[in-house]
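1. give me a 3D structure for the following:
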Amino acid sequence: MKLNREPGKLNHNSLEGMPAWTPAAEQVVSDRAAVEILWHVEKRLHLKPFIGQSADLASAAAQLGISKPAMSYWIGRLMDAGLIRLVRIEKRGRHSISHYRCVADRLRVSLEEAPLSSYEGVLDDFTQRWQAQARTAMARSLAKQAPDLELCIANTGAAAGLFTTILPKPGRPAPPDDFIQYWARLWLTDAEANQLADELNALYDRYAALSDKTSKTVPTLMQLTQVRESQR
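-> Take a look at the predicted model:
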């Protein structure tokens with residue numbers, strides 16, 4: 001019995017004599033099976049080892065921290081969905097190692113058919129890295145200013161739980177703003193909400209134009225969020 005087999009029955013001669021293949025720089029994906037994979041964070045993660053590079057089963061499994069049988073299943077599924085393809089076969093002694101690559105270095109998929117939970121998953125996916133960095137930086141700022149601050153806890157009666165905030169200790173001046181983070185619900189007219197969005201965009205554009213990684217020494221994380229809350 002051979003365990004951890006490559007998915008499917010591959011013809012090792014199928015690549016011989018074929019012209020070299022180059023993945024597309026970008027591709028719009030519309031196949032239903034492929035779209036279903038791409039719209040779910042946990043599923044599309046299995047594409048990671050193959051986007052922008054080729055990988056064999058063992059190296060892909062190691063990168064994702066999953067078993068080889070699980071990776072074999074996902075390689076087969078990604079191939080069936082047309083998201084990856086076999087690009088070369090490497091001979092290692094008596095063994096033939098198949099390498100796969102995504103059909104494009106960037107994939108695009110329509111938002112129209114995705115469920116709401118998928119939209120939320122996408123937001124989590126592309127904010128996760130930034131949120132982790134910002135949380136670490138803000139925690140260090142609080143630790144540095146801890147002698148001048150207090151955690152204040154109150155019950156507002158809201159279902160979400162206790163209300164907490166950070167305030168200066170009585171009788172002490174407020175420490176300088178090492179970071180700024182506002183969460184607030186504002187009640188505005190349509191025109192005022194549009195004006196807020198315009199001003200936030202202008203603020204970002206202004207400081208983005210000043211940013212220069214090669215000559216400036218203060219890395220600063222910035223997040224701007226403004227969204228109209230649905231009225232239920």
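2. which helix is the longest one in the chain?
-> helix 116-145 (DSSP state H).
3. what residue of the chain is the furthest out?
-> Residue farthest from the centre of the chain, counting by C-alpha atoms, centre = their mean, is Gly171 at 43.6 Å.
4. how about the contacts made by it?
-> By C-beta atoms under 8 Å, 6 or more residues apart in numbering, no residues touch Gly171. No exception for glycine: its C-beta is placed from N, CA and C like everyone else's.
5. and it, helix, strand or coil?
-> coil (DSSP: H, G, I helix; E, B strand; the rest coil).
6. returning to that earlier point: quick one: the helix or strand following the longest helix of the chain to helix 116-145, angle?
-> Tracing the chain C-terminally past helix 116-145 and defining elements by DSSP states H and E, one meets strand 149-154 next. Calculated by axes from the mean of the first three to the mean of the last three C-alpha atoms, to 10 degrees, strand 149-154 forms an angle of 130 degrees with helix 116-145.
7. buried sites along strand 149-154?
-> Residues Leu149 are the ones in strand 149-154 that count as buried (16 or more other C-beta atoms under 10 Å).
8. show me what the host helix or strand of Ser72 is packed against.
-> For Ser72, the host element (DSSP H and E) is helix 68-80. Applying 3 or more C-beta pairs under 8 Å, 6 or more residues apart in numbering; DSSP states H and E, one finds that helix 68-80 contacts helix 32-38, helix 57-64, strand 84-92, strand 95-102.
9. count the residues that sit near Tyr100.
-> 22 (other C-beta atoms under 10 Å).
10. could you find the closest non-adjacent residue to it?
-> The shortest distance from Tyr100 to any non-neighbouring residue, by C-beta to C-beta, 6 or more residues apart in numbering, is to Ile84 (4.7 Å).
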